[in-house]
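[1] show me how the following folds:
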Amino acid sequence: MANPKRRHSRSRRDKRRANWKLKEKAFLNCTQCGSLVISHRACNKCGFYNGEIAMIIKSKDKKVSTSSSVQEV
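    The predicted model follows:
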């Protein structure tokens with residue numbers, strides 16, 4: 001296994017480690033219900049994504065509309 005011949009300075013080491021930080025997720029408002037949604041994800045409250053129903057949300061009143069190409073959650 002290869003070993004370095006010379007020691008790396010603290011600044012050189014820390015420049016490499018500077019990109020390890022966490023990034024914030026981008027939140028948007030849902031166009032149908034207005035709740036906060038992570039971008040490029042279907043809304044957890046209404047099930048819409050990009051103006052279309054992406055998934056059916058089962059509500060507590062058990063009034064569920066069905067569609068042929070939609071998955072249930």
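
[2] list the beta-bridge partners for the residue nearest the centre of the chain.
    Nearest to the geometric centre of the chain sits Ile38, at 5.0 Å (CA atoms, centre = their mean). Note on Ile38: beta-bridge partners Phe27, judged by DSSP bridges.

[3] need the pLDDT of it.
    Predicted confidence (pLDDT) for Ile38: 89.

[4] cool, and Arg16?
    The per-residue pLDDT reported for Arg16 equals 91.

[5] can you pull out the low-pLDDT segments for this protein?
    60-73 (pLDDT under 70).

[6] ok, Asn50 - how many residues close by?
    By the criterion of other CB atoms under 10 Å, Asn50 has 8 neighbours. The C-beta positions use only the backbone N, C-alpha and C, and glycine is treated the same way.

[7] repeat that for Ala54.
    By other CB under 10 Å, the residues close to Ala54 number 17.

[8] which one is it nearest to, not counting chain neighbours?
    Ala42 (4.0 Å; CB to CB, 6 or more residues apart in numbering).

[9] hmm, the one you found is touching Phe48, no?
    Yes - Ala42 lies in contact with Phe48 (CB atoms under 8 Å); the separation is 6.8 Å.

[10] shared neighbours of these two, which are they?
    Common neighbours of Ala42 and Phe48, using CB atoms under 8 Å, 6 or more residues apart in numbering, are Ala54.

[11] and the residue lying farthest from the centre of the chain, how far is that from Ser11?
    Most distant residue from the mean C-alpha position of the chain: Lys5, 42.7 Å away (CA atoms, centre = their mean). Distance, Lys5 to Ser11, by CB to CB, to the nearest Å: 19 Å.
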